[in-house]
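Colleague: Here is a sequence together with a model predicted from it:
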Amino acid sequence: MTLWLAGKPPVPRASEILAARCVILPKQISKGPKQQRRFASSSQRRPASVLQVHGEATAATQAPLPPPLSVVPNWVLLRSLLVSAISSKPLLLRPSLWAMSILSKPNRGFLLNVDRNPILHGLLKKTFYEQFCAGENGAETKATIKQLKDMGFRGVIMTYAKETVFDHSTGSEQGLGVAALEAQKKGEILDPALARCANIEAWRKGTIETVEQLEDGDYLAVKLTGAGPQVTKAFSVGDLPPQQMLDAMDEVCTKCEKRNVRILVDAESQHFQWGILRMTLDLMRKFNRNGYALVYNTYQAYLKSTSDTLAKHLAAAQTEGFTLGLKLVRGAYIASDQRSLIHDTKEDTDNAYNSITTGALKQNIGEFGSSKAWPSVNLFLASHNRESVMAAHQLHKQRTAAGLPTVPVGFAQLHGMSDEVSFSLLQLKGSDGSPEVYKCSTWGGMGECLAYLLRRAIENRDAVLRTSDEYNALKGEFGRRVRGMFSFSK
């Protein structure tokens, strides 16, 4: 059994699964933003046959669909099973959260520095890091991107991990390097001889390096606070960042446009969010034209203010004639943001998420689509909630089939999380290549990724039912493979 698990997985590849369903995916024809592409969707919650999903053939002549997780390689399955076991068991997760929160604090000594202590580095890398992150360098990241695409995903969403997180409870910023912290205290520009900020330049180089790893149809996710204190200081009062940062982001957008890579501007701590929104809207005005969104803003459904914020942005898009890039998430900063800004219950957050999703797909949110003309909108749904994504997928499929107005839509889940949801969506892929499903990952040094890893752990703590379901799904797939091995040996 040990030898079998160490070898190549005796499971079908994504291409073999699609071949078994007699589905031939067309090549992507569109190469640039002026050639309009639509995220189409197909839907059924739990298809029992090809006939039920596509109506293209009878079940009698088609092989049954394999389990969604059958595409996952054995070694990835084992690692996922380990991490999911920790995430789904409070007695294991609590000490893990405590340890990770300690490691993520600045000014750690050698023993607690994950970039300097080789034992600690190796332990974290082979568990949580490789489960949720793409790599510490370009070579590792490209290998992870290839692996994800080989499993059937349309593409990846990749981000450079460096960021700044504002902890409302302590009033402090976390995630900055030592030099940046000292500069922040003194209010100095880090490179006064050149009148340029070294942090912004490092962010620019890391982001451009990320763009160069991506291919046609992929997405770049950006954390603007990773550019350091000069930028976060401006964002904290709702201002635009220094011109150096505006120029850097303009360069990133231009390079992405040439490579046919779209940009998702991440939501971050609410302390910085109003400045981020202002900057993102200006980028949309410049680059989002002719029904194509190069730049997306991220809207967090768990915030009470999101519906009003979205209404203002819909109004701006309708009046000024640009396409609104709407990426919708539930939210990931509940541990550090001011609690009064967030919906009181998970049910309220779910209702907000589903309401915005349905309204966008029906082109009817508030007065837009009824008393006011609906603006141009591209939608991207990032969610681990199976019910939400399947319902959205079904609604989009129904409206498309009926010739009713809707918006382009894509789907994504985080790398290392909700694989059962991701592969269930992939199994609904029709002959037109839709739905388009992506995996979102992050890359960077171990220390740079700790804030991201801590949020993933907290997210798993707060989603007890989901993590338990994931753990059970992974156990079921592991058991299926073990039974198959013994069955084959007979």
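Modeller: Nice, thanks for sending it over.

Colleague: Regarding the protein, what is its longest helix?
Modeller: Counting by DSSP state H, the longest helix found in the chain is helix 464-489.

Colleague: That one: which residues count as buried?
Modeller: By 16 or more other C-beta atoms under 10 Å, the buried positions in helix 464-489 come out as 466-467, 469-471, 473-474, 477-478, 481. In short, each C-beta sits where N, CA and C put it, glycine included.

Colleague: Look up how far Ala412 lies from the residue nearest to Ser418 when sequence neighbours are not counted.
Modeller: Using C-beta to C-beta, 6 or more residues apart in numbering and skipping residues adjacent in sequence, the residue nearest Ser418 is His384, 3.9 Å away. Distance, His384 to Ala412, by C-beta to C-beta, to the nearest Å: 10 Å.

Colleague: Over to Thr254?
Modeller: 24 Å.

Colleague: circling back: which SSE is the residue nearest to Ser418 in?
Modeller: His384 belongs to no helix or strand when assigned by DSSP states H and E.

Colleague: Quick check: pLDDT value at it.
Modeller: Listed pLDDT for His384 reads 91.

Colleague: Walking through this protein, point out its strands one by one.
Modeller: 133-135, 155-160, 165-167, 172-174, 219-222, 262-265, 295-300, 324-329, 377-382, 409-414, 437-443 (DSSP state E).

Colleague: Can you lay out those strands as a markdown table showing mean neighbour count?
Modeller: Converted to a markdown table, the strands of the chain look like this (neighbours: other C-beta atoms under 10 Å):
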| stretch | mean neighbour count |
| --- | --- |
| strand 133-135 | 25 |
| strand 155-160 | 26 |
| strand 165-167 | 21 |
| strand 172-174 | 19 |
| strand 219-222 | 24 |
| strand 262-265 | 25 |
| strand 295-300 | 25 |
| strand 324-329 | 24 |
| strand 377-382 | 24 |
| strand 409-414 | 26 |
| strand 437-443 | 25 |
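
Colleague: would you list those strands in a markdown table and tack on distance to Asp344?
Modeller: Converted to a markdown table, those look like this (distance: least, C-beta to C-beta, whole Å):
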| stretch | distance to Asp344 |
| --- | --- |
| strand 133-135 | 33 |
| strand 155-160 | 30 |
| strand 165-167 | 21 |
| strand 172-174 | 26 |
| strand 219-222 | 29 |
| strand 262-265 | 27 |
| strand 295-300 | 15 |
| strand 324-329 | 19 |
| strand 377-382 | 23 |
| strand 409-414 | 25 |
| strand 437-443 | 28 |
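
Colleague: Just give me the lowest mean pLDDT stretch among the ones you listed.
Modeller: Note on the strands of the chain: strand 172-174 shows the lowest mean pLDDT, a mean of 57.

Colleague: now the residue nearest the centre of the chain: how far from Lys162?
Modeller: Residue closest to the average C-alpha location in the chain (C-alpha atoms, centre = their mean): Cys440, at 3.7 Å. According to C-beta to C-beta, Cys440 stands 16 Å off from Lys162.

Colleague: swap in Gly433?
Modeller: Taking C-beta to C-beta, one finds Gly433 at 34 Å from Lys162.

Colleague: So these two - more neighbours on which side?
Modeller: A count of neighbours by other C-beta atoms under 10 Å puts Lys162 above the other of Gly433 and Lys162, at 27 against 16.

Colleague: I figured the more buried one was touching Gly447, is that so?
Modeller: No - Lys162 lies out of contact with Gly447 (C-beta atoms under 8 Å); the separation is 9.6 Å.

Colleague: Centre of the chain to the longest helix of the chain, how far?
Modeller: Distance of helix 464-489 from its chain centroid, counting by C-alpha atoms, centre = their mean, to the nearest Å, is 25 Å.

Colleague: Quick one: neighbours of Arg456, just the number.
Modeller: What Arg456 shows, counting by other C-beta under 10 Å, is a neighbour count of 23.

Colleague: Leaving out chain neighbours, which residue sits closest to it?
Modeller: Arg456 sits nearest to Phe132 (C-beta to C-beta, 6+ apart), 5.1 Å away.

Colleague: And for that neighbour, the neighbour number?
Modeller: 21.

Colleague: Make 53 the starting number, not 1.
Modeller: Got it, first residue is 53 now, which makes that one Phe184.

Colleague: What residues does it make contact with?
Modeller: By C-beta atoms under 8 Å, 6 or more residues apart in numbering, the contact set of Phe184 is 466-469, 493-494, 504-505, 508.

Colleague: for those residues, which one is nearest Glu192?
Modeller: Each of the contacts of Phe184 was checked against Glu192 using C-beta to C-beta; the closest is Ser493, at 11.1 Å.

Colleague: could you measure the closest one against Leu143, distance?
Modeller: In terms of C-beta to C-beta, Ser493 sits 29 Å off from Leu143.

Colleague: returning to that earlier point: for the buried residues of helix 516-541, give me CSV that also has pLDDT and distance to Lys178.
Modeller: Output for those, formatted as CSV (pLDDT from 0 to 100; distance: C-beta to C-beta, whole Å):
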residue, pLDDT, distance to Lys178
Arg518, 65, 24
Thr519, 67, 20
Asp521, 78, 25
Glu522, 80, 20
Tyr523, 79, 19
Ala525, 85, 22
Leu526, 85, 18
Glu529, 88, 21
Phe530, 87, 18
Arg533, 89, 21
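
Colleague: what's the farthest-apart pair in these?
Modeller: Arg518 and Arg533 (22.9 Å).

Colleague: Now do the contacts for the residue nearest to the centre of the chain.
Modeller: 208-211, 271, 273, 434, 464-467.

Colleague: Can you get me a residue count around Lys449?
Modeller: 20.

Colleague: same question, Arg341
Modeller: 16.

Colleague: So it sits against Leu376, correct?
Modeller: No - Arg341 is not in contact with Leu376 according to C-beta under 8 Å; the separation is 11.8 Å.

Colleague: Report the mean per-residue pLDDT for stretch 360-368.
Modeller: 98.

Colleague: then it to PDB, C-alphas only?
Modeller: What follows is stretch 360-368, C-alpha atoms only, in PDB (Å, rounded to 0.1, in the frame of the first residue of the first chain):
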ATOM      1  CA  ASP A 360     -24.700  50.600  -0.900                       C
ATOM      2  CA  THR A 361     -21.100  50.500  -2.200                       C
ATOM      3  CA  LEU A 362     -22.100  48.400  -5.100                       C
ATOM      4  CA  ALA A 363     -25.100  50.600  -6.000                       C
ATOM      5  CA  LYS A 364     -22.700  53.600  -6.200                       C
ATOM      6  CA  HIS A 365     -20.300  51.700  -8.500                       C
ATOM      7  CA  LEU A 366     -23.100  50.500 -10.700                       C
ATOM      8  CA  ALA A 367     -24.200  54.100 -11.000                       C
ATOM      9  CA  ALA A 368     -20.700  55.200 -12.000                       C
END
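
Colleague: Now that stretch: buried residues?
Modeller: 361-362, 365-368.

Colleague: Just these: which are in helices?
Modeller: 361-362, 365-368.

Colleague: Now tabulate those residues in CSV and tack on distance to Leu130.
Modeller: Output for those, formatted as CSV (distance: C-beta to C-beta, whole Å):
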residue, distance to Leu130
Thr361, 42
Leu362, 41
His365, 44
Leu366, 46
Ala367, 50
Ala368, 48
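
Colleague: Show the low-confidence segments of the stretch 153-302 of the chain, by residue range.
Modeller: 158-161, 215-247 (pLDDT under 70).

Colleague: ok, now with 90
Modeller: For the stretch 153-302 of the chain, the stretches with pLDDT under 90 are 153-169, 171-184, 190, 203, 211-248.
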